[in-house]
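Visitor: model the structure of this input:
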Amino acid sequence: MQLDLDFVRAQFPAFEEPTLKGQAFFENAGGSYTCKPVIDRLFRYYHSRKVQPYAPYAASQLAGAEMDEARERLAALMGVDTDELSFGPSTTQNTYVLAQTFRQYMQAGDAIIVTNQDHEANTGPWRRLAEEGFEVREWQIDPDTGHLNIADLENLLDDKVKLVCFPHCSNVVGEINDVASICKTVRAHGAYSCVDGVSYAPHGFVNVDEIGADIYLFSAYKTYGPHQGIMVIRRGVGMELPNQGHYFNADRLYKRFTPAGPDHAQIAACAGMADYLDQLYAHHFKADATPSQRAAAVHGLMRDTETARMQPLLDYLGQKNSARLLGPSQAAARAPTIAVELKGNAEAAAAKLAPHGIMAGGGDFYAVRALKAQGIDPDKGVLRLSFVHYTSEAEINKLIAALDATL
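Guide: This next block holds a predicted model:
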C-alpha cells in the first residue's frame, strides 16, 4: 500500500495558500500544518458553539458533545479508556503539573530518573524536584551516537526510583527509542514511566496500552491540530497520584491533572485529527477495523512513506564532510527529525536556505542538554530538517539541491 500524496495534501489548506507556493516546509518538528477537518471544527465552534458547554440549552449541549467526542475518539485510537485522556494548554504545562503531583506523592529518599536526550520540557520540571530533597538520576546518552542504552538504565534502577521520564524519540537525535522494552524494564522495578511522545506522535498515534507507558504526552499542534497538550494517564497511576484539580472533581480521572479551565474550542477541534486519520484509513484501506486498528494501519502507512523519503537525505548528509549527522544514519531506526552540526552557525545556515524556498530552522531547539552531551555548542546550534508524511519526494530533492548550494 502506498500513500496517495495528492489525497493527503488536499486535506491541508496550506498547500493551496498563495503565500506558501514554492515553499518546502522542513520545520514540522516545531509544528505541523493544520488539517482541514480541524480548521472546520474550530471555525464551527467559534461561529455557532462559543458558549459555556454542558448547560441544558441546545448550543451548549452541542458544544459539550463536540468536546466529549474529541476525548472519546482520540482515546479509542490510542487504545485507552476515554477518561484516561485529558487536555491541557501545552505539553510543557502538563509536565509541570505532573511534576508537582509527584512532588506531593513521593517520600523522603525517593528518586526519579531523567535523560539528557530530552527536550527541556520533559526534563527540567522533573530535575527541579531535587530542590525538594528528592534524588534525580540522569540516564545519559552515548556522546558519539546520542543513543540511550537500556543497560545503563538498569544500572540506575533500584527500589528508591518511583518514576522514569524519557522521550519516545529526541527532537534532535531522532532515534526511536524502544519504548515497550523500556517501560517493561521500569515496571519490573516497581516504578512508573512517563514518555514524551511530542517528537514521535506526528508520525503516527501509538497504542499506549501496547507499549505499556503509564503516562504518554504529546502536542496536538504537531499532530495537525490546534495548540493543545494531550496527556494519557493510565487509571492505576492516575487515581493513586494526588489530585491537582478542583477537590470536587477528584473522582474524574480526566480532570484530576487539569487545574486550569481548558480551551473548549480547541478541545472540540481536536476531533478533527480523528476525522483526518479516519479519512486516510477509508481512502487507503477497505476492511472494517476498530479505532486502534485504523490508527495502527495509518501509522504504518505514514512510517513507510517517511522512511522511503528519508533515506536519500540521510545518505546525502552522511557523505558531507561539512555536516555531522546526529542520530542513526538508517531511516528505519529514526523519525524524520534530522539535525546536523555544521562548521558555522546553524541559524545562519537556515537563513541561507530560505531564498531557495526551504523553510527550516537552526538553534538548540530546547535540547541544550542533548547538544552539550554530544559536544555541540548550543549557541552555534544545529540545523534541523524535519518533515512528515505529506512531504513530497520533489521537496526532498529541492532540499538536497538547496543544501548543495549553501553548505
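
Visitor: burial measure for the spatially closest residue to residue 381 that is not a sequence neighbour, as a count.
Guide: In space, and not counting its chain neighbours, residue 381 is closest to residue 346: 3.9 Å by CB to CB, 6 or more residues apart in numbering. C-beta coordinates here come from the backbone N, C-alpha and C atoms, glycine included. Counted with other CB atoms under 10 Å, the neighbours of residue 346 add up to 24.

Visitor: what of residue 260?
Guide: 11.

Visitor: can I assume it is in contact with residue 86?
Guide: No. Contact between residue 260 and residue 86 fails when scored by CB atoms under 8 Å: they sit 11.8 Å apart.

Visitor: tell me the pLDDT at residue 86?
Guide: pLDDT recorded at residue 86 is 97.

Visitor: SS state for it?
Guide: State at residue 86, reduced to three classes by DSSP: H, G, I helix; E, B strand; the rest coil: strand.

Visitor: dump the residue contacts of the nearest residue to it once chain neighbours are set aside.
Guide: Spatial nearest neighbour of residue 86, excluding adjacent residues (CB to CB, 6+ apart): residue 254 at 4.2 Å. For residue 254, the contact set (CB atoms under 8 Å, 6 or more residues apart in numbering) comprises 71, 82-86.

Visitor: now the strands for the stretch 1-150 of the chain?
Guide: Along the stretch 1-150 of the chain, the stretches classed as strands by DSSP state E, counting those that start in this stretch are 24-25, 85-88, 111-115, 135-139.

Visitor: mind listing what the nearest residue to residue 39 once chain neighbours are set aside touches?
Guide: For residue 39, ignoring the flanking residues on the chain, the nearest one in space by CB to CB, 6+ apart is residue 13 at 6.5 Å. By CB under 8 Å, 6+ apart, the contact set of residue 13 is 34, 36, 39.

Visitor: in space, what's closest to the second one - neighbours in sequence excluded?
Guide: Just to be clear, that refers to residue 36. Nearest residue to residue 36 in three dimensions, chain neighbours excluded: residue 11, at 5.3 Å (CB to CB, 6+ apart).

Visitor: does that neighbour touch residue 33 like I think?
Guide: No. The pair residue 11 / residue 33 is not scored as a contact, 9.6 Å apart, by CB under 8 Å.

Visitor: mind showing which ranges of this structure have poor pLDDT?
Guide: Within the chain, no stretch falls below the threshold (pLDDT under 70).

Visitor: that concludes my questions; thank you for your assistance.
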